[in-house]
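Trainee: here is my input, please return the structure:
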Amino acid sequence: MRKDLHFRLERISAWCGFVLLLGFAVAFSVGHLITPMDPTTNAQGVVEFLTDHQTGILACAAIMVLVVPFEYPFVVVTSMQMRRIEGGWGLLSMVQLLTGVVAPIGFFFPIAILAAAAYRPESHSPDVLYAMSDIYWLMLVGNACIFVLQVWSIGYAALVDNRAKPVFPRWFGYLNLVLGVLLIPGAFVFLTKTGPFAWNGLLANVLPTVVYFIWKIATPIVLLRAVKSEEEEAAAEEAAPSELAST
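Mentor: Numbering: from 1, shown residues only. Next up is the predicted model:
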């Protein structure tokens, strides 16, 4: 592959992060799912929510189906940049790649379950719809902690990079470590219905969501800069032999 095409594909993959951010924001807004439902809402309240927002929830699922695949090139280019730090495929780049491959499932499966509940709410008992709504929120918020190793691997790679011009800035490394810590409380949504560890709580949902959106803005920017530096290094390496030959 021509090097110019290689770097163009890497830049496109980095831009996929912005596509994901915009797609997620639109999907959850349309579905009225940005603000989590109160875990203490009764079955009738859940049925009313699904009925009132049926079209929005189904549209949210359709948008997610279209947007989620963009996660794959985004994850791959992240690991490709991490390879530069490790000098080839290593533990950190592989951990990020493998955990990143699972990431789309963590978004799409929960919304698919909620869409199934909203698809024919009149055909199911309130108890069934109640359980499906619980599954959605518990999976969406509770499974977030699975990706702790993904962001920690990125953060650690940024902090141990001893190159003269690091691939990732150090502040980005700390951002990933902080996000990883904030994802951990999501594991406790299975144990409580109220308070900061509930699926709508400050620690399990609000803070992780805010930092995740900051991360989703920062990461494509950092990746685009990393691709640019890689391109400059490649150009310098190509120029070096010709300079030696001329001397």
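Trainee: going forward, measure contacts between C-alpha atoms and count neighbours the same way
Mentor: Noted.
Trainee: wait, what's in contact with residue 131?
Mentor: Listed by C-alpha atoms under 8 Å, 6 or more residues apart in numbering, residue 131 has no contact partners.
Trainee: that one: which element?
Mentor: Using DSSP states H and E, residue 131 sits within helix 126-142.
Trainee: buried sites along that helix?
Mentor: 126, 129-130, 132-142 (16 or more other C-alpha atoms under 10 Å).
Trainee: is it possible to get CSV of those that adds pLDDT and distance to residue 9?
Mentor: Output for these, formatted as CSV (pLDDT from 0 to 100; distance: C-alpha to C-alpha, whole Å):
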residue, pLDDT, distance to residue 9
126, 94, 48
129, 96, 43
130, 96, 44
132, 96, 40
133, 96, 39
134, 96, 40
135, 95, 37
136, 96, 35
137, 95, 35
138, 95, 36
139, 93, 33
140, 92, 31
141, 93, 32
142, 90, 34
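Trainee: hmm, who's touching stretch 207-219?
Mentor: 17-18, 21, 172, 175-176, 179, 182-183.
Trainee: so which bits of that stretch are buried?
Mentor: 208-209, 211-212, 215-217, 219.
Trainee: where does this structure dip in pLDDT?
Mentor: 240-247 (pLDDT under 70).
Trainee: quick one: the strands in it?
Mentor: Here the chain has no strands by DSSP state E.
Trainee: tell me the contacts of the residue nearest the centre of the chain?
Mentor: Using C-alpha atoms, centre = their mean, the residue of the chain that lies closest to the mean C-alpha position is residue 103, 6.3 Å off. For residue 103, the contacting residues are 71, 147, by C-alpha under 8 Å, 6+ apart.
Trainee: ok so, going back, weed out the non-buried ones from the contacts of stretch 207-219.
Mentor: 17-18, 21, 172, 175-176, 179, 182-183.
Trainee: what's the closest of the residues you listed to residue 37?
Mentor: Relative to residue 37, the closest of those is residue 183; by C-alpha to C-alpha it sits at 19.2 Å.
Trainee: for that closest one, which non-adjacent residue is closest in space?
Mentor: Closest residue to residue 183 apart from its sequence neighbours, by C-alpha to C-alpha, 6 or more residues apart in numbering: residue 145 at 4.8 Å.
Trainee: what's near enough to touch the one you found?
Mentor: Each residue near residue 145 by C-alpha under 8 Å, 6+ apart is listed here: 180, 183-187.
Trainee: ok, now how distant is it from residue 188?
Mentor: Residue 145 sits 10 Å away from residue 188, going by C-alpha to C-alpha, to the nearest Å.
Trainee: repeat that for residue 61.
Mentor: From residue 61 to residue 188 the distance is 26 Å (C-alpha to C-alpha).
Trainee: higher neighbour count, those two?
Mentor: For residue 61 versus residue 188, the count of surrounding residues by other C-alpha atoms under 10 Å is larger for residue 61: 25 against 19.
Trainee: quick check: the more buried one vs residue 141, distance?
Mentor: 17 Å.
Trainee: what does residue 107 give?
Mentor: Residue 107 sits 10 Å away from residue 141, going by C-alpha to C-alpha.
Trainee: could you pull out the helices for this structure?
Mentor: Taking DSSP state H as the criterion, the chain carries its helices at 3-30, 43-52, 54-67, 71-86, 91-119, 126-142, 148-160, 170-183, 207-246.
Trainee: for residue 232, give me its contacts.
Mentor: Contacts of residue 232 (C-alpha under 8 Å, 6+ apart): none.
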